[in-house]
Every structure is written in C-alpha cells, then in structure tokens.
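1. no FASTA, just this:
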C-alpha cells in the first residue's frame, strides 16, 4: 500500500484540531478524520454554528466553549484536510487506517498517526440504568450544544465531577426542567484533596471557575443535594422515578428523565488496537496509554494527544496536540532540533503548570467504589449482552480471573459497543472479586473492527495493497 | 422529552415507524426523535427490553435503528435527511430484513 499522507489525526476536538493545524503549518500533508458531521469534538461540539445561534445561546454555553471557535478557525486556515463523517474502524502499527464513510470502507496509510479520540463518560452501572428515560448528563449537554434542545419533562441529574456543575448549570439556564441535582461526591473527599489545594490554586483560574459554576448551580433555585449515593432508578418499560440515599435518609424523586454522570475516561480503542501499551491509572480508575512527554506511544508510528491519553481537559488537550504534532514533524525530519525546542517550550510549560490541578481534581472526584463495582447482583454491567454483576461474580467464583475469560463465559463485552460501556466495570469487578489490583486483572482485549462495518462495505473497498 | 430553544427556519421530514418526524437541518435522527417525544429506539438483543439512546456520542450503540432498509445504523451519528425511512432496531428489525 502506498503512503497517502504524512500525518493522519483522528478526532477533531481541541487536541486533534491543534495537532492538524500544527502539522499542516509545518508543511506536512495532513488529514483530520472525525466521525461527527462537523469539527469540534464533544467539548466544542457544533462550535462553527455558534455565531448563528444568537447571543443568549452563547452566554448559556459560556466563554470556555466559545474559545473553541479560534481553534476551529486556525484549523480551517491551516491547509489540513478535514474529513468529517468518517469512522475509523481499524488502526495498525504501520499507520494503516481502516475508514468507513457513506460510500463504503477504504484504507489509507499515514507516516504518523496522532490519535486524539478524546473521552467518553464513565459507565454508571446502577439499578435501572438501561430503562428508556436514562441518559448520560453529557448526552443532554450534547443535545444542547448540537441541537439547542433541553428536556421538557421532569428531570433528575445524579453524579459527580467538574462537568456536573458546568452541565447542570448550563441546562438549568437554558430552561431544562430540572427537578433536582444529586451530587454523589462524598463529603470526606474535601479532606483527602485538601493537601493538594494550594498548588492547584496556582495552576490557573480553573478552580475558581469551577467553584463559580457550583455557586451558580446552588443559587439557581433548583434543589441541590450533596452527599448522595445508592442511586437506583425505578420504572417499568420507562423511568418513573429515582431513589437515592442522601446523608442517611432514603429519598424518592418522581421523574421521567435521569441524567447520570461520574466523570469521563479516555477513549482507548484505537491506540489499544494498534498495539500501544496501556497501564491502569489508579487515581483516574481507567486505562491510559504509556506516553513520552510529547505523546509518543510504545508503537513507533502512533502518538496520542488530549483526553485519549488521560483526562486533562480542553486547554491541556490543545497543548498536547501541539506537542504531538511537533514530535511527529521532528521524527519525520520536517523540523530540526532547535525548531522543535522553540515550538514545544510554551505547550510544555502549560502541561507542567496544569498537573497539580489535575491531581487535585482526580483526588476530589475519584469514583466511589459502588460506581466502579456495582454492589447489587441484579445490576446490568454489559448493556449489549445483558450480563449482570451477579453473573460476573458467579463466573469469578468459578475461578475466572480476567475479562477475556469472562467474555468467553458470558459474552460480556462482545456486543456492538465492544466494551465501551462495560470494559472498565468488568475489570474492576473481577479485580475486586479476587482482591487484586485492576492493573493485574487487565483490560478486555480489543480487536478490529472497533466500529461495526458490513461485509458489503469491506468487499466494496478499493485497496491497492 | 426534549424541546428546541432556538428554532431554525429550514427543516426536513422523515418517517419513523410510519409517523412523520420533523428535524431541523443538520440535526441527527436521534435528536429529532427525542424532540418528537420518542425515546425507545431499539429492543435489546437478549430479552427484547426497550432501550433508549444513552450517550449520543456514538459509544453506547443503544440507538441502533434501521434506516432505508439497512439495519444497525447509529441514529445519533446519522444526520436526518428528507424522506428517510427509519424503523426501530433490535430483534424484530433483524427478522424483517431476513
């Protein structure tokens, strides 16, 4: 197969758009692929349509969102090719990417691949989470950004994390019918995180911004309850209510829509499929690729930037996109050592400055044990194949120690989502059952295709290999 | 279940299980259906339980519907187009296409 492009970037969020801009500006041929119809990723979703939607809408989403417009504009002017509406279903160590678009499957080869696939929300396996009327909080934020929609039925938000305060406030101010916000962060976390506070405060304005969001949420008039846990969703065929323990009291909430959120985790599919080594991160309770300071993975041609390499947020993601593109340009001989050093100084400084803040947030919002391992046996872990926590614990008791084995026993992780909604839970559950570190238990082995592709699409694919 | 707070002049119409659904230009099939009050997009493969789109970013695969005769399309990743014929996904859908 011939080489089609110097750099292929996967994912058009802040990391991907910045990486593509940097590569193209350095004179490399570059294509940016994204499965959405337009660039922006999830954080800057529909950013190029913001101007057309009026001032009030921009005010609701806030200035951090609006900042994405400049990143998208730089990308559009950079000369990098934008291919939106394209899914990457395979990536190998030689830089060959399998793509699916409307017209079918095709393969391209890039000299370097920068995976900027971003994050997804952590699965929240609670009783009733497969009922119609249960969605992730991020999905409601996505509807607000991409379609200017808000819920018009009684809605309860439950969960924790920085996004909880931001998204809940945005939804309330946009007119969503929010009945209550249940914050599941345990109160004692403030103590655990306190030691890291002074350094986190020095990392920039984010912490103050986060506190401001929380204050706005508390002042919004919507019922806000902290210290909630034991979330369970009730209903037959659709959601009719939610029960939670708040403090030491069981409380029932009547609602038709529940929005769950327990933080975000890296999208690891493509880098894992390419063979890059991933380690378990105990604090973020997820797997992340092993990277050098510039985003190079353990596979020579593959780099990772942004949240796909570990959760850091939009500003850090853009800096990492810049660093990865500089590393690729340097490795390809496009820029020399002095140029590399000159270009990487500022983004490297930003990465260093943001690290203490991340550690503080990770300590504060570390997922509770019941989020990682559902205590109830009837709770569904694998939504696609409908495998419960009880079934997985039964399999573990038979002597099954890892997720690949439990997949063969139960089909858990084998459905269309390919483990995106269950792999973390399966690993944490098996690790807990055997009293082991999840790092030792391991992650479900991922194989291509990581997105469903039909035989017809494959057969129709042109290939000059 | 959801309502639009910014109305756009231009729209398209498609069909869901025989019903006409309006979508604003650029909206996904899943978003338009949620604004139309439809949450239940597929039946689960094992027990046939009703399911609704969960993540809307292409990760959960709970919004797999049949579009113009092709099964297994992600409603949250597909922009609504004029005249599309959309049916609920799941076991019943697999039966129909045989």
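-> Happy to help now that I have it. What you see is a predicted model; the values in this text were computed from it and never measured. Numbering: from 1, shown residues only, chains lettered A, B, ... in the order given.
2. please make it C-alpha for all contacts and neighbour counts, starting now.
-> Fine.
3. near chain B, which residues of chain A? Just list them.
-> Proximity of chain A to chain B, by C-alpha under 8 Å from any C-alpha of the partner chain, involves residues A:35-37, A:42, A:53, A:120, A:130-136, A:138-139, A:142-143, A:146-153, A:174, A:237, A:384-386, A:416-417, A:420-421.
4. would you list the buried entries among the residues you listed?
-> With neighbours counted by 16 or more other C-alpha atoms under 10 Å in any protein chain shown, those contain buried members at A:35-37, A:42, A:120, A:130-136, A:138-139, A:142-143, A:146-153, A:174, A:384-386, A:416-417, A:420-421.
5. so what does the helix or strand hosting residue A:253 touch, helix or strand wise?
-> Element membership of residue A:253, judged by DSSP states H and E, is strand A:249-254. With contacts taken as 3 or more C-alpha pairs under 8 Å, 6 or more residues apart in numbering or on different chains; DSSP states H and E, strand A:249-254 sits against strand A:241-246.
6. show residues contacting the strand it packs on.
-> Contact with strand A:241-246 is made by A:156, A:225-235, A:250-256, A:258, as judged by C-alpha atoms under 8 Å, 6 or more residues apart in numbering or on different chains.
7. next one: stretch A:384-394
-> A:374-382, A:406, A:410-417, A:426, A:429-430, A:433, B:44-47, B:62.
8. in that stretch, what counts as buried?
-> Residues A:384-393 are the ones in stretch A:384-394 that count as buried (16+ other C-alpha under 10 Å).
9. swap in stretch A:395-411?
-> A:395-396, A:400-407, A:410-411.
10. ramachandran coordinates for the nearest residue to residue A:144 once chain neighbours are set aside?
-> Among residues not flanking residue A:144 along the chain, residue A:150 sits closest, at 6.1 Å (C-alpha to C-alpha, 6 or more residues apart in numbering or on different chains). Listed backbone geometry of residue A:150 is phi -130, psi 160, with angles given as degrees, to the nearest 10.
11. residue A:150 is in contact with residue A:173, isn't it?
-> No. Between residue A:150 and residue A:173 there is no contact under C-alpha atoms under 8 Å: 10.0 Å.
12. low-confidence stretches in chain B?
-> Residue ranges of chain B with pLDDT under 70: B:91-98.
13. so which residues of it form strands?
-> In chain B, the segments counted as strands under DSSP state E are B:2-4, B:11-16, B:19-24, B:40-43, B:50-52, B:64-67, B:70-74, B:85-87.
14. looking at the ones you listed, which is closest to residue A:347?
-> strand B:70-74 (36.7 Å; C-alpha to C-alpha).
15. quick one: buried residues of the closest one?
-> When burial is assessed from 16+ other C-alpha under 10 Å, strand B:70-74 yields the following buried residues: B:71-74.
16. who does that strand pair up with?
-> Taking DSSP bridges as the criterion, strand B:70-74 forms sheet pairs with strand B:64-67 (antiparallel).
17. ok, residues contacting the partner strand?
-> By C-alpha under 8 Å, 6+ apart, the list of residues contacting strand B:64-67 reads B:41-42, B:71-75, B:84-90, B:93.
18. just flag the most distant two among those residues.
-> B:84 and B:90 (18.5 Å).
19. of those two, which one has the most company?
-> Set residue B:84 next to residue B:90 and count neighbours by other C-alpha atoms under 10 Å in any protein chain shown: residue B:90 wins out with 25 against 17.
20. who's in contact with the longest strand along chain A?
-> In chain A, with assignment by DSSP E, the single longest strand is strand A:104-115. Residues outside strand A:104-115 that contact it (C-alpha under 8 Å, 6+ apart) are A:1-11, A:16, A:19, A:94-100, A:270-271, A:301-305, A:308, A:324-325, A:328, A:453, A:456-458, A:460-463.
21. and stretch A:294-301, by the same measure?
-> With C-alpha under 8 Å, 6+ apart, stretch A:294-301 has contacts from A:93-95, A:111-113, A:274-277, A:289-291, A:302-305, A:309, A:320, A:323-324, A:327.
22. can you check stretch A:347-358 too?
-> Outside stretch A:347-358, the residues within contact range by C-alpha under 8 Å, 6+ apart are A:196, A:199-201, A:203-204, A:207, A:312, A:316, A:319-320, A:322-323.
23. kindly recompute the last result at 7 Å.
-> A:199-200, A:203, A:312, A:316, A:319, A:322-323 (C-alpha atoms under 7 Å, 6 or more residues apart in numbering or on different chains).
24. contacts only, for the residue nearest to residue A:144.
-> Counting by C-alpha under 7 Å, 6+ apart, residue A:150 has contacts A:144, A:171, A:174-176, B:2-4.
25. and what of residue B:32?
-> B:22-23.
26. please apply the same query to residue A:218.
-> residue A:224.
27. now with 6 Å, please.
-> Going by C-alpha atoms under 6 Å, 6 or more residues apart in numbering or on different chains, residue A:218 touches no other residue.
28. how near is it to residue A:61?
-> Taking C-alpha to C-alpha, to the nearest Å as the measure, residue A:218 falls 18 Å from residue A:61.
29. excluding its backbone neighbours, what's nearest residue A:14?
-> Residue A:14 sits nearest to residue A:318 (C-alpha to C-alpha, 6+ apart), 4.9 Å away.
30. that older thread, now the residue nearest to residue A:144: how far from residue B:33?
-> 13 Å.
31. take the buried ones among the residues of chain A next to chain B and keep only those in helices.
-> Counting by DSSP state H, the part of those found in helices is A:138-139, A:142-143, A:146-147.
32. of those residues, which is the nearest to chain B?
-> Distance to chain B, by C-alpha to the nearest C-alpha, is smallest for residue A:139 among these, at 5.0 Å.
33. sitting in helices, which of the contacts of strand A:104-115 do you find?
-> Secondary structure assignment by DSSP H places A:16, A:19, A:270-271, A:324-325, A:328, A:456-458 of those in helices.
34. okay, those in a markdown table with neighbour count next?
-> What follows is the ones in helices among the contacts of strand A:104-115, written out as a markdown table (neighbours: other C-alpha atoms under 10 Å in any protein chain shown):
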| residue | neighbour count |
| --- | --- |
| A:16 | 36 |
| A:19 | 37 |
| A:270 | 26 |
| A:271 | 31 |
| A:324 | 34 |
| A:325 | 33 |
| A:328 | 27 |
| A:456 | 10 |
| A:457 | 15 |
| A:458 | 16 |
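35. now distance to residue A:263 and pLDDT too, for those residues, in JSON lines please.
-> Listed next are the ones in helices among the contacts of strand A:104-115 as JSON lines, based on distance: C-alpha to C-alpha, whole Å; pLDDT from 0 to 100:
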{"residue": "A:16", "distance to residue A:263": "21", "pLDDT": "98"}
{"residue": "A:19", "distance to residue A:263": "25", "pLDDT": "98"}
{"residue": "A:270", "distance to residue A:263": "21", "pLDDT": "98"}
{"residue": "A:271", "distance to residue A:263": "21", "pLDDT": "98"}
{"residue": "A:324", "distance to residue A:263": "25", "pLDDT": "98"}
{"residue": "A:325", "distance to residue A:263": "28", "pLDDT": "98"}
{"residue": "A:328", "distance to residue A:263": "31", "pLDDT": "98"}
{"residue": "A:456", "distance to residue A:263": "38", "pLDDT": "84"}
{"residue": "A:457", "distance to residue A:263": "35", "pLDDT": "85"}
{"residue": "A:458", "distance to residue A:263": "36", "pLDDT": "84"}
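36. I appreciate the help and will end here.
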